[in-house]
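Student: Dropping a prediction and its sequence here:
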Amino acid sequence: MKIHTPIPVARRQAGFTLLEMVIVLGIIAMILGGAIFAMRGIGDAAKLRQVESDFKSFQSALAMYKLNAGSFPTTQQGLDALVNKPNTTPVPRRWVQVMSKIPTDPWDSPYLYRFPGSKRANDFEIISNGPDGIESTDDDLSSQDE
């Protein structure tokens, strides 16, 4: 005599279907896209903060230079006077290297230096050409801007 064992009804396998996975991945992609869109201006703000920080560093270094040399470097001597002793007049009698190198702005352009400044004649002016890298445009940043 043969004993027939009933065949169990197939149970649904535990797990996710392909459709469910696609829906979840689509939702994650939309959330990430929204987050990236919301943070797009953060990089620009960080670069502006970096310029402000560099202006303060230059201010400290130039104050130290003036203490030793007696006056700020001329426009012709520029910021290089903080790294290398100037050989153009006025040559400082007491010169000390104040910076090891002159940083570039966040857009990899050199900072410009003027003494006297364009807005305050008795003070120096440091200028960043801004994102476009072109001098004398609306996006330029100056240490004499309030």
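Tutor: Great, that's in hand.

Student: helices or strands up against whichever helix in the chain runs longest?
Tutor: For the chain, the helix reaching the highest residue count under DSSP state H is reported as helix 42-69. Secondary-structure packing of helix 42-69 (3 or more CB pairs under 8 Å, 6 or more residues apart in numbering; DSSP states H and E): strand 125-128. Using the backbone N, CA and C atoms, a C-beta is placed for each residue, glycine as well.

Student: sorry, back to before: just the buried residues of the longest helix of the chain, please?
Tutor: In terms of neighbour count (16 or more other CB atoms under 10 Å), helix 42-69 has its buried residues at 47, 51, 54-55, 58, 61-62, 65, 69.

Student: Present those residues as a markdown table; the columns should include distance to residue 133 and pLDDT.
Tutor: Shown next, in a markdown table, are the buried residues of helix 42-69 (distance: CB to CB, whole Å; pLDDT from 0 to 100):
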| residue | distance to residue 133 | pLDDT |
| --- | --- | --- |
| 47 | 13 | 90 |
| 51 | 13 | 94 |
| 54 | 16 | 95 |
| 55 | 18 | 95 |
| 58 | 19 | 95 |
| 61 | 24 | 95 |
| 62 | 24 | 95 |
| 65 | 27 | 94 |
| 69 | 31 | 91 |
